[in-house]
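Novice: quick one: sequence plus predicted model below, questions after.
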Amino acid sequence: MWRAACYCPLPMGEFEAQLNSVVQDFVARVSELARRAAINTLEQALSGYPPATAARELGNTKVASRRRPGRRSSDELNALQDAFVKHVKLNPGQRIEEINKALGTTTKDLALRIRKLVSDGVVRTKGERRGTQYFAKN
């Protein structure tokens, strides 16, 4: 199949054809390995979820309401929101970095809740971006 170039040189056209064949085989093998790895990764990621039919058999009619791992419940979110409002009442004018440090949260944890509180009129802001200060409305 493969001839050593120093002992029996191949004509250039035949060499290119063999080289292309070897490269195509290599690409096909790598593609198959990547496909298998992707399937394995998906199977591992989805292994925590019961199949939709199994969930229905267990009596869960709302299959879409399954919580993803790491997702917080509405009770947890409400408690976080209440803690934020209480902190802002006790410490008016603090920036988000200071609030996060005090509550042990991240900006990502609070961002949506803060926007809702501002739109509901529970909290008001002063400043922009990282310099935004938070105040509780009386």
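Specialist: Yes, it's here.

Novice: list the contacts of the most centrally placed residue in the chain.
Specialist: Central residue check for the chain by C-alpha atoms, centre = their mean: the C-alpha nearest the mean position is that of G70, 10.6 Å away. Under the criterion of C-beta atoms under 8 Å, 6 or more residues apart in numbering, G70 has no contact partners. All C-beta spots, glycine's among them, are computed from the backbone N, C-alpha and C.

Novice: could you look up the SS state of G70?
Specialist: Of the three states, G70 takes coil under DSSP: H, G, I helix; E, B strand; the rest coil.

Novice: which residues in the protein form helices?
Specialist: Listed in chain order, the helices of the chain (DSSP state H) span 12-46, 52-57, 74-90, 96-103, 107-120.

Novice: next, format those helices as JSON lines and append mean pLDDT, distance to K126 and mean neighbour count.
Specialist: Converted to JSON lines, the helices of the chain look like this (pLDDT from 0 to 100; distance: least, C-beta to C-beta, whole Å; neighbours: other C-beta atoms under 10 Å):
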{"stretch": "helix 12-46", "mean pLDDT": "85", "distance to K126": "43", "mean neighbour count": "10"}
{"stretch": "helix 52-57", "mean pLDDT": "48", "distance to K126": "48", "mean neighbour count": "12"}
{"stretch": "helix 74-90", "mean pLDDT": "91", "distance to K126": "12", "mean neighbour count": "14"}
{"stretch": "helix 96-103", "mean pLDDT": "93", "distance to K126": "13", "mean neighbour count": "15"}
{"stretch": "helix 107-120", "mean pLDDT": "92", "distance to K126": "11", "mean neighbour count": "14"}
